[in-house]
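Chemist: I would like to see how this sequence folds:
(one chain, ligands or ions: 2)
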Amino acid sequence: MSPNVISTPVRAMLVLGTRPEAIKLAPLARAMAASPLFDPLVVTTGQHREMLQQMLALLKVPARVELDVMRDRQELSKLTARLIDGLGDVVREQRPDLVVVQGDTTSALTGALAAFYEHVPVAHVEAGLRTGVLDNPFPEELNRRLIGRVARWHFAPTPRAAGHLTAEGVPAAEVFVTGNTVIDNLLWVLEEGTGANLFESDLRRVLVTLHRRENQGDKMRAMGKALRQLADRGDVEIVLPLHKSPAVREALLPELSGHARIRVVEPLDYVDFSATLAGCDLVMTDSGGIQEEAPSLGKPALVLRTTTERPEAVEAGAAALVGTEPHAVLDAAVRLLDDAAAYERMATAGNPFGDGRATERIVAQLAEDFGADAGVLPAPTTLIAPQPDGPGSYSTA
Ligand code: UD1
Ligand code: UDP
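Modeler: Ligands and ions are numbered 1, 2, ... in the order given. The predicted structure is shown next:
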């Protein structure tokens, strides 16, 4: 689907439903709102409720439409049905020039589908991430592959991600390497500098988050036990902002409550979370976004998963994929805390996810393709030659 050349402002509908989508589309909303070339039309799906609300201030533009699809523990099929129904109506009513989706959530997939059904072109931010394992992460690997079939613009954060897309047959002229907008947002928020660091002691400070569906249940409980053992060392303080998902809470709260050196807190707003990340010594997480942020701040990240779609950080030496076995999780943390040289190597490995200018590149490319006068904007990034990387799979298996 090709964009029509139209008069400005270009009406860009940004669809977002979860915490990370709000964080990663916020710089785009801000940049479009500040440009005479775009009218950003923010649509929140309500896939997340509290965790989305606490991120909306980052956008600096009010949502034009708010859906309210969250139901406690609803099945993926129900969530998908509610979203496609609601978003279909919104696209028909608003008639945007394009729809922008980010990442691999159910909101992103249904935003892309709803646009496709109404013949509206789709821009995919953070395109091309792959583990190569269809059901891990679940259901995100499928979601991002499907969005890759629908999108007209694929804004890939890294050359590797771009290579996955061209290897799958996406025309190279539709793939752009931009960096990840999460870095743009992180730098912007840290510059504001008003966040509170939640760590309270001079002990070794370990920041933990866990939420992935494929980790829920016994695996997450066992990782909770391993974290408790880590805190038993006596020289470690753990802060864990707890995801709102009841399945996560059921698994982790019984294992982590009532320990003097473990602070389980409600989800932090982005300003406080980034200050806490900047103030920690070590990150242990199954989050996607935090794998990107930690290397930017020189914080070693232990990835508590069996696969990652962000191998760039592992290859750079900034992150380690440790799996989900409790012994492996505990050993990896202990090794880093006790081996200063190994710690230093990870802390100084650097950030492979961009230079903080991804948003500029996305906005400039869209402006050019819509025939808007992009003279005031920086030149769009040139397409980096596709770099397929073999089977595209990256896992501990
Ligand atoms: C979703 C995304 C995942 C992303 C994660 C970010 C899908 C399928 N999954 O997973 O890719 O990494 O968000 O956090 O799109 N809940 C609340 N309040 C909230 C948020 C969630 O109560 O603010 C509870 C609800 O009971 C909800 C459940 O958590 O049903 C699960 O939420 P859901 O969006 O389905 O999945 P996540 O695990 O959050
Ligand atoms: N985050 C936050 N507060 C928290 C935990 C995480 O602001 O209490 C931010 C974090 O900085 C990152 C994003 O939320 O940018 C990651 O979201 P999440 O782990 O829920 O989703 P994923 O990235 O795995 O899709």
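Chemist: and Glu141, how many neighbours does it have?
Modeler: By other CB atoms under 10 Å, 20 other residues sit near Glu141. Glycine gets a C-beta too; all of them are placed from N, C-alpha and C.
Chemist: identify the residues contacting the helix or strand encompassing it?
Modeler: Assigned by DSSP states H and E, Glu141 falls within helix 140-150. With CB atoms under 8 Å, 6 or more residues apart in numbering as the test, helix 140-150 has contacts from 101, 103-106, 108-109, 112-113, 115-116, 122, 124, 127-131, 133-135, 154, 165, 168, 170, 309.
Chemist: selecting buried members of those in ChimeraX, what would you type?
Modeler: The following ChimeraX line selects those of these that are buried, judged by 16 or more other CB atoms under 10 Å:
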select :101,103,104,105,106,108,109,112,113,115,116,122,124,127,128,129,130,131,133,154,165,170,309
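Chemist: domains for the chain, by residue range?
Modeler: In the assignment given by automatic domain parsing, the structural domains of the chain cover 10-179+357-369, 196-347.
Chemist: state the pLDDT value of the residue positioned nearest the centre of the chain.
Modeler: Taking CA atoms, centre = their mean, the centroid of the chain lies closest to Gly289, which sits 3.8 Å from it. With respect to pLDDT, Gly289 scores 98.
Chemist: what of Ser77?
Modeler: For Ser77, the model assigns a pLDDT of 98.
Chemist: tell me which element it falls in.
Modeler: Assigned by DSSP H and E, Ser77 belongs to helix 76-94.
Chemist: which strands and helices sit next to that helix?
Modeler: Counting contacts by 3 or more CB pairs under 8 Å, 6 or more residues apart in numbering; DSSP states H and E, helix 76-94 packs against strand 10-16, strand 38-44, helix 106-117.
Chemist: average pLDDT across the next helix or strand after the first one?
Modeler: This means strand 10-16. Going down the chain from strand 10-16, the next helix or strand is helix 19-34, by DSSP H and E. For helix 19-34, mean pLDDT is 98.
Chemist: next, the angle from helix 19-34 to helix 106-117.
Modeler: 50 degrees (axes from the mean of the first three to the mean of the last three CA atoms, to 10 degrees).
Chemist: and of the domains of the chain, who's closest to Leu186?
Modeler: When those are compared by CB to CB, domain 196-347 sits nearest Leu186, at 5.4 Å.
Chemist: poorly predicted segments of the stretch 251-397 of the chain, please.
Modeler: The stretch 251-397 of the chain contains residues with pLDDT under 70 at 373-397.
Chemist: enumerate the residues of the stretch 101-250 of the chain near ligand 2.
Modeler: 182, 209, 211, 241 (CB under 6 Å from any ligand atom).
Chemist: swap in the stretch 251-397 of the chain?
Modeler: Within the stretch 251-397 of the chain, the positions near ligand 2 by CB under 6 Å from any ligand atom are 267-268, 270, 273, 287-290, 293.
Chemist: again, 8 Å this time
Modeler: Within the stretch 251-397 of the chain, the positions near ligand 2 by CB under 8 Å from any ligand atom are 265-270, 272-274, 277, 285-293.
Chemist: buried subset of the residues you listed as a ChimeraX selection?
Modeler: Command for ChimeraX that selects the buried part of those, burial taken from 16+ other CB under 10 Å:
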select :267,268,269,270,272,273,274,277,285,286,287,288,289,290,291,292,293
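Chemist: that older thread, list of residues touching the helix holding Ser77?
Modeler: Helix 76-94 is contacted by residues 11, 13, 15, 17, 41, 43, 45, 47, 64-65, 67, 69, 71, 74, 99, 106-107, 109-111, 113-115, 117-118, 120, 139 when judged by CB under 8 Å, 6+ apart.
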